[in-house]
Each structure stands twice: as structure tokens, then as C-alpha cells.
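Asker: Need a 3D model of the following:
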Amino acid sequence: MAPQFVPYTADVETVEPRFDEDLQTVIEKTERYIAESVAAGATGRAVRDAHAKGYGLVRGEVEILGGLPDEYAQGIYATPGRHDALIRFSNGSPHAGADARLGSATGLALKIFDIDGPTLLADEPDTRTFDYTNINGPIFFCNTVDHYLFIQDLFLEAPSYFAQGRPGAHRFFRDFVTGKGTLDPEDWAWDEFLAFLRLSQISPMNVLLSTYWTMGAVRHGDYMAKVRIAPDPSFADAVVRRRIDPTSAAEVFRPALVAELSERPYAFDIQVQLCTDLERMPVEDVTVEWPERLSPFITVATLRIPQQDISGDGNLEKMDALSFTPWRVTAEHAPLGNIMRARKKVYRHSSILRHKLNEQQRTEPRSADELLP
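Answerer: Coordinates of the predicted model:
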């Protein structure tokens, strides 16, 4: 029997009672961290409050496939064709510095060019660009903006916790579960903590070999989905520098990426998983992985990466000046849920302040040619 996909309706989302108030506090903390990062960080520049360290800006091409089933041929995927693209590979940490100190959470941010229709960003509706900001885990460790308030503090303060060895780690875990002592025992953040533990146990590997998820749900035209960007197996099999040892050198992820792309092309599959059951595939609970037995991932596009040289310092400078946000999409692909909704304003405020402090022009490119040959 063919799966019955749940149609999108506005009532699938619920708004937290203190959403606006808590969101403003998150924005203020984010801006304070970014401002202080100029002096406190390892780069002498303002950095992002997440994915502070980039591993490379890469040129690519997205081919939207033809002949898709109607349920998957939605929004931008309703029209087959080829689009230039840019990809930023990064570490998920809010800190820069040696790779061994940052963990193995990595991100793939994708910018697709020449997409018809206005974006959901009021101050830049006509850029004709479309972004994904995915991480190498299918879930996220925070369900509400209220919880994000203390989780944000913990991640920004993580180096000082873990510098104290096992006692510091114990305090980090305790403060995570108890909300730094603010939560009643029945409200302790066990779901978020278990999601964090799962993500923290990801083995370090070449960023080309990871699969990257939207974490939260997004609209997919008439339906709801999660989207992942997964290595094409035939290209993944050819990767030589597979396992990464962050303790072997200060920089390990970028050199491996640079070397692989200088020797061979690569490809990912862009895949969509449609929601079939809101109880077992919830929109608001991002700590829950949607079971593939209920709805498999279907490939809707191919992301091709040609062989290229990204070794120059100018590559990192161009990457740093770019802005990516899950809300630079058309309405048919709107992010869903409280955490995804919060990212709209947080990303915007973060980007504006970071560009101002770094004296970078904040403009959206019209083509990949503006940045990479």
C-alpha cells in the first residue's frame, strides 16, 4: 500500500507562550557573543555563534530531476533543470581554533542560484537564491527556545567546562539536564541531552562522507518533509582520506577536503522524506528522528561538485563573507516549528552584526561566478 502523506496545514505548528520574549533574549546573547568574539576568538575577527570555523567554499551544480512522483515534485522541485551552487563546509562549534577542540559536528550549507519566486526574507525577497543549512545528524538537541536559552550558554562556555577534566564534564552534563538548576525534575531536558550525546558520538570523518540533515521539518509544497544531502555511494567509494584524526594536527578537516577535490569530482544526492504520521514524525519535537520505515528518503536532485582548487586563503575569506539561512527559501519550503522559526531572526541579526564588525559588505551574490571561477 502506498504511504499516505500528511498534508501541510498551519495548525501543525504551535507557538510557545514566551516565544517572542525568549527569542529576544537569545538574540541579545548571540550579539554579545559575536561582539566579544573579535577579542576572545582565535581569528581576530567576529565569528558566527555556530559553525564559526569553515573548512572551504566549494563550487557545485544542482540538477533537479525530472519524472518525480507528484508528491515530491513540489516547489522548486517541480521544474527539472540545472542550477549553479555554492557549498560551505564547516564545523558546528561556536568556537574556532584547532580541530581537536571543536568536536566532529559538521555542517553543509548550500546556496542554489536562479530560483524563481520571492524568498521568505522581507529585506531581500528578490535574490533568486535558495539556501539549506544542514548538519551531520538527523536530530537536534533543543526543542524549545526556552531550553535554548540555557543550552546556548552551555555551548558558548563549553571550553571552560571541559578544561577542568572529568569534574567539569560532569558539571556540564548536570547543567544541561537541569537547565543550570532552573528546571523542575519533571521538566529536566532528558530528550535534548540524549540527542546531544548521540550527536557528540559521531566519529570524525572526511566531510565529503557525512550525510547532512535539515534537523527540523520544512514545508514541501502541499506536504511536510525533512531534507538530507547524502553522499553518492559511487563517489564516496573513491574518497582516499576517509578517517580523520583530529589529534594528528591542528588542521585536519580542511586539508583532507582540499586534497580530495583537487584530485577528483564528487556528488551528493538531495533527498526528501515526506511526513506520513505526525505522532511518530513530529514537527515540534526535533529530538525525534523520523523513521524511514514509515517514509523513505527519495532522491529529488543531484549536487555535483567538480574537481577544483580551494586551497587559497582567499577561499576562506570569500566563504566567511557569505550569509546562509534556512529562511532564504520560497514559501513552499518554509521551515516549520519553534526552533526553526527562531532561527529566522537569530540568523539575520547574527549576519548583520558579524558583517558590520568585520567591515564586510553584506550582499547576496547573483551567481557563483561572483566568488569562484
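Asker: Next, count neighbours for residue 44.
Answerer: By the measure other C-beta atoms under 10 Å, the count of residues near residue 44 is 10. All C-beta spots, glycine's among them, are computed from the backbone N, C-alpha and C.
Asker: Apologies, that question was intended for residue 321.
Answerer: Around residue 321 there are 17 residues (other C-beta under 10 Å).
Asker: Excluding residues flanking it in the chain, which one is nearest it?
Answerer: Excluding the flanking residues, the one nearest residue 321 by C-beta to C-beta, 6 or more residues apart in numbering is residue 360, at 4.7 Å.
Asker: likewise residue 212?
Answerer: With C-beta to C-beta, 6+ apart, the residue lying closest to residue 212 is residue 134, at 3.6 Å.
Asker: quick one: the one you found is in a strand?
Answerer: Yes. Per DSSP: H, G, I helix; E, B strand; the rest coil, residue 134 lies within a strand segment.
Asker: Give me the local confidence score for it.
Answerer: Looking at residue 134, its pLDDT stands at 97.
Asker: Assumed residue 56 was part of a helix.
Answerer: No. Assessed with three-state DSSP, residue 56 is strand; it does not lie in a helix.
Asker: That one reaches residue 316, doesn't it?
Answerer: Yes. Between residue 56 and residue 316 there is a contact at 7.4 Å, judged by C-beta atoms under 8 Å.
Asker: Show me which of the two is the more surrounded one.
Answerer: residue 56 (21 against 17).
Asker: hey, what's that one bridged with?
Answerer: residue 89 (DSSP bridges).
Asker: Do a quick rundown of the strands in the stretch 151-300 of the chain.
Answerer: 212-213, 218-220, 223-231, 266-274, 298-305 (DSSP state E, counting those that start in this stretch).
Asker: ok, now the stretch 1-150 of the chain?
Answerer: According to DSSP E, counting those that start in this stretch, the strands that the stretch 1-150 of the chain contains are 54-64, 81-91, 106-113, 129-135.
Asker: Which one, of those, ends up nearest to residue 270?
Answerer: strand 54-64 (7.0 Å; C-beta to C-beta).
Asker: Show me what that closest one is packed up against.
Answerer: strand 81-91, strand 106-113, helix 253-263, strand 298-305, helix 313-321 (3 or more C-beta pairs under 8 Å, 6 or more residues apart in numbering; DSSP states H and E).
Asker: Just the C-alpha atoms of it, please, in CSV.
Answerer: Output of strand 54-64 as CSV, limited to C-alpha atoms (Å, rounded to 0.1, in the frame of the first residue of the first chain):
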residue,chain,number,x,y,z
GLY,A,54,34.7,27.0,7.9
TYR,A,55,36.6,24.3,6.0
GLY,A,56,36.1,25.6,2.5
LEU,A,57,33.9,27.3,-0.1
VAL,A,58,33.1,24.9,-3.0
ARG,A,59,31.5,25.4,-6.3
GLY,A,60,28.8,23.0,-7.4
GLU,A,61,25.8,22.4,-9.6
VAL,A,62,22.3,21.2,-8.5
GLU,A,63,20.3,19.2,-11.1
ILE,A,64,16.7,18.9,-10.2
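Asker: quick one: contacts for the nearest residue to residue 85 once chain neighbours are set aside?
Answerer: In space, and not counting its chain neighbours, residue 85 is closest to residue 60: 4.2 Å by C-beta to C-beta, 6+ apart. If a contact means C-beta atoms under 8 Å, 6 or more residues apart in numbering, then residue 60 has 84, 85, 86, 87, 110, 303, 304, 305, 306 as its contacts.
Asker: Tally up the residues packed near the nearest residue to the third one once chain neighbours are set aside, please.
Answerer: The shortest distance from residue 86 to any residue other than its chain neighbours is 4.6 Å, reached at residue 111 (C-beta to C-beta, 6+ apart). Here the neighbour count serves as a burial measure; for residue 111 (other C-beta under 10 Å) it reads 28.
Asker: Residue 352 too?
Answerer: For residue 352, the count of nearby residues is 15 (other C-beta under 10 Å).
Asker: Which helix or which strand is home to it?
Answerer: helix 338-357 (DSSP states H and E).
Asker: okay, the angle between that helix and strand 129-135?
Answerer: Counting by axes from the mean of the first three to the mean of the last three C-alpha atoms, to 10 degrees, helix 338-357 lies at 110 degrees to strand 129-135.
Asker: and helix 338-357, how far out from the chain's middle?
Answerer: Its chain's average C-alpha position is 13 Å from that of helix 338-357, according to C-alpha atoms, centre = their mean, to the nearest Å.
Asker: Which strands and helices lie in contact with that helix?
Answerer: Short answer (3+ C-beta pairs under 8 Å, 6+ apart): helix 338-357 packs on helix 19-40, helix 145-156.
Asker: Report the buried residues of it.
Answerer: 338-351, 353-355 (16 or more other C-beta atoms under 10 Å).
Asker: what's near enough to touch residue 344?
Answerer: Each residue near residue 344 by C-beta under 8 Å, 6+ apart is listed here: 120, 325, 326, 327, 335.
Asker: mind redoing it with 6 Å?
Answerer: For residue 344, the contact set (C-beta atoms under 6 Å, 6 or more residues apart in numbering) comprises residue 327.
Asker: ok, now residue 51?
Answerer: 90, 92, 107 are the contacts of residue 51 under C-beta under 6 Å, 6+ apart.
Asker: can we see that at 8 Å?
Answerer: Shown in contact with residue 51 (C-beta under 8 Å, 6+ apart): 90, 91, 92, 93, 107, 109.
Asker: doesn't residue 220 make contact with residue 78?
Answerer: No. With contact defined as C-beta under 8 Å, residue 78 does not reach residue 220; the gap is 10.6 Å.
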